[in-house]
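> Return atomic coordinates for the entry below.
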Amino acid sequence: MRLQAILLCSAIFAAPLYAEPTKPLGEVTEIRESLLAVGMAYRITEKCANLHPRYIKGISYLNAIKNRARELGYSDAAIEAYVNSPQEKQALEAEGVRRLAEKGASGDAGEAYCKVGRSEIEQGTLIGGFLW
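Numbering: from 1, shown residues only. Purely as a prediction, here's the structure:
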């Protein structure tokens, strides 16, 4: 009887640790904003020949995002489904393009992207941390 009570209490207290997340990964602000920063930095390096990506830092950061999603309770399958979803990729890219345009970089104006990138570096932002 005592063993059953201990097992029941253990199950009750352990249940929240293994609960499935209640919202889609794309709605987790922390994850979405992190991916947006990496994507915006990458877009800047595509458009500005004078700025370059910090590849190792970017890859390490992407792995950290994946680990954070795991900590939040998302399975590897859910994470892979999110990052490989064409709809999610399109939505993130559109949001990144919109935000870069708000900062003054749009279209194929390479110097405008360079200016935004240099500003991000000078301000020490997350985006700027992925550039050199």
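> Who are the contact partners of the most centrally placed residue in the chain?
The centroid of the chain falls nearest to Leu35 when counting by Cα atoms, centre = their mean (2.3 Å). Leu35 is in contact with 65, 92, counting by Cβ atoms under 8 Å, 6 or more residues apart in numbering. For glycine as for every other residue, the C-beta is placed from the backbone atoms N, C-alpha and C.
> and it, what element?
For Leu35, the element it lies in under DSSP states H and E is helix 29-47.
> Now that helix: buried residues?
31-32, 34-45, 47 (16 or more other Cβ atoms under 10 Å).
> Now the two most distant members of those residues.
Between any two of those, the greatest separation by Cβ to Cβ is 25.0 Å, found for Ile31 and Lys47.
> circling back to that earlier point, can you name the element that comes right after the helix holding Leu35?
Per DSSP H and E, the first helix or strand lying C-terminal to helix 29-47 is helix 55-71.
> sorry, back to before: where does the residue nearest to the centre of the chain land on pLDDT?
We have a pLDDT of 95 for Leu35.
> same check, this time on Ala5
39.
> Next: Leu72.
If you check Leu72, the pLDDT there is 95.
> okay, now it: neighbour count?
Per other Cβ atoms under 10 Å, the neighbour tally for Leu72 reads 13.
> For it, give its distance to Ile121.
30 Å (Cβ to Cβ, to the nearest Å).
> give the contact list for Val28.
Contacts of Val28 (Cβ under 8 Å, 6+ apart): 21, 69, 72.
> State the phi and psi torsions of it.
For Val28, the backbone dihedrals (degrees, to the nearest 10) come out as phi -90, psi 110.
> ok, it to Glu95 distance?
Computed with Cβ to Cβ, the distance linking Val28 and Glu95 is 14 Å.
> Asn50 too?
In terms of Cβ to Cβ, Asn50 sits 25 Å off from Glu95.
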